[in-house]
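Generate a structure from the sequence data that follows.
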Amino acid sequence: MADTFLRYEKIFLISCDKLDSILKSLLQLGYSHQTYLEIKNIYLDTIENNLFRTYYKSSEYQENYRLRSYDNESAFFEIVRKFGSKISVRRSTIPSKIAYDFIKCRNMPTIENGMNSQILKEISHALNFYNLIPKVFLYYERHIYKSLYYKENSISIDYEIIARDFDLTFEKGVYGKNLISNDKFLLKIISSTDSLPLSILKIMSDYNIFPVSFSKYEEYLKYISHEFYSRKEDKNGFLTKNLFSAC
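Just a heads-up that it's a prediction; the model follows:
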């Protein structure tokens with residue numbers, strides 16, 4: 001898989017009662033189920049979430065750093081930048097345990113097969129410049145659909161979206177706060193170009209479903225912010241609990 005790629009996306013929040021009908025319509029367009037994934041992420045930010053706070057104020061540009069894993073042992077260390085609906089991802093493979101040490105000790109790892117030294121240098125700079133630490137574990141399940149006719153597009157459906165701000169390693173398992181109800185799904189149209197198929201958009205319109213702005217990470221930060229103010233806890237204690245200890 002490429003270390004750098006661009007994509008465009010539209011996100012739709014869909015109720016369970018409409019999902020089956022939408023999938024049947026997509027099948028008629030040649031889409032078929034390709035992949036099922038269980039995706040685990042660890043998002044990094046400053047103690048006070050300054051990186052998120054800075055870019056949250058801008059609807060045009062956002063930036064985040066995360067570890068992503070599909071099997072606990074191996075991971076991708078990613079730099080994700082969003083320019084409106086355009087998303088740039090730069091990433092390097094890295095074993096999870098080496099990534100944990102990289103974050104904790106801030107020392108560049110020894111480059112092994114498959115690891116991208118340039119991207120890891122950029123991440124090393126960000127770790128030190130922003131003083132990034134693990135902040136949120138985020139898990140979800142994803143089904144991916146692709147079409148023979150719309151090869152530049154894919155459709156993903158995410159559900160079981162779960163997050164927590166403690167026990168921030170992949171090995172601790174999946175538990176935490178459910179970010180959307182069990183009868184809701186996130187459908188994402190992903191394209192390599194900024195032109196999305198009108199046939200798919202028409203299907204959504206026919207069911208009165210329209211694009212939404214939704215960030216899983218943002219939703220959880222909103223949740224813990226609400227919890228913080230409702231509990232009136234010490235701010236630093238609440239935001240930094242159970243983080244990696246110093247190297």
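
residue ranges for the helices of this protein, please.
Per DSSP state H, the chain carries helices over the ranges 16-28, 50-56, 96-105, 117-130, 198-206, 216-231, 235-240.

nearest to Y65, of those?
Smallest distance to Y65 across these (Cβ to Cβ): 5.8 Å, for helix 117-130. Backbone N, C-alpha and C define where each C-beta goes, glycine included.

buried sites along the closest one?
Using 16 or more other Cβ atoms under 10 Å as the test for burial, helix 117-130 gives 119-120, 122-124, 126-127, 130.

What is the neighbour count of I162?
Neighbours of I162 under the rule other Cβ atoms under 10 Å: 19.

Quick check, I11 in contact with K188.
Yes: assessed by Cβ atoms under 8 Å, I11 is found in contact with K188 at 5.2 Å.

Next, count neighbours for K97.
14.

One more: the one 3 residues further on?
Y100 has 20 neighbours, counted by other Cβ under 10 Å.

Same check on E48?
12.

L37 too?
Neighbours around L37, by other Cβ under 10 Å: 12.

do L221 as well
For L221, using other Cβ under 10 Å, the count is 22.

Could you do K172 as well?
K172: 15 surrounding residues under other Cβ under 10 Å.

Also N208?
Using other Cβ under 10 Å, N208 has 7 neighbouring residues.

re the thing from before, put together JSON lines for the buried residues of helix 117-130, with pLDDT and distance to F166 on each row.
Below are the buried residues of helix 117-130 laid out as JSON lines (pLDDT from 0 to 100; distance: Cβ to Cβ, whole Å):
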{"residue": "I119", "pLDDT": "97", "distance to F166": "28"}
{"residue": "L120", "pLDDT": "97", "distance to F166": "27"}
{"residue": "E122", "pLDDT": "97", "distance to F166": "28"}
{"residue": "I123", "pLDDT": "97", "distance to F166": "23"}
{"residue": "S124", "pLDDT": "97", "distance to F166": "25"}
{"residue": "A126", "pLDDT": "96", "distance to F166": "23"}
{"residue": "L127", "pLDDT": "97", "distance to F166": "21"}
{"residue": "Y130", "pLDDT": "94", "distance to F166": "21"}
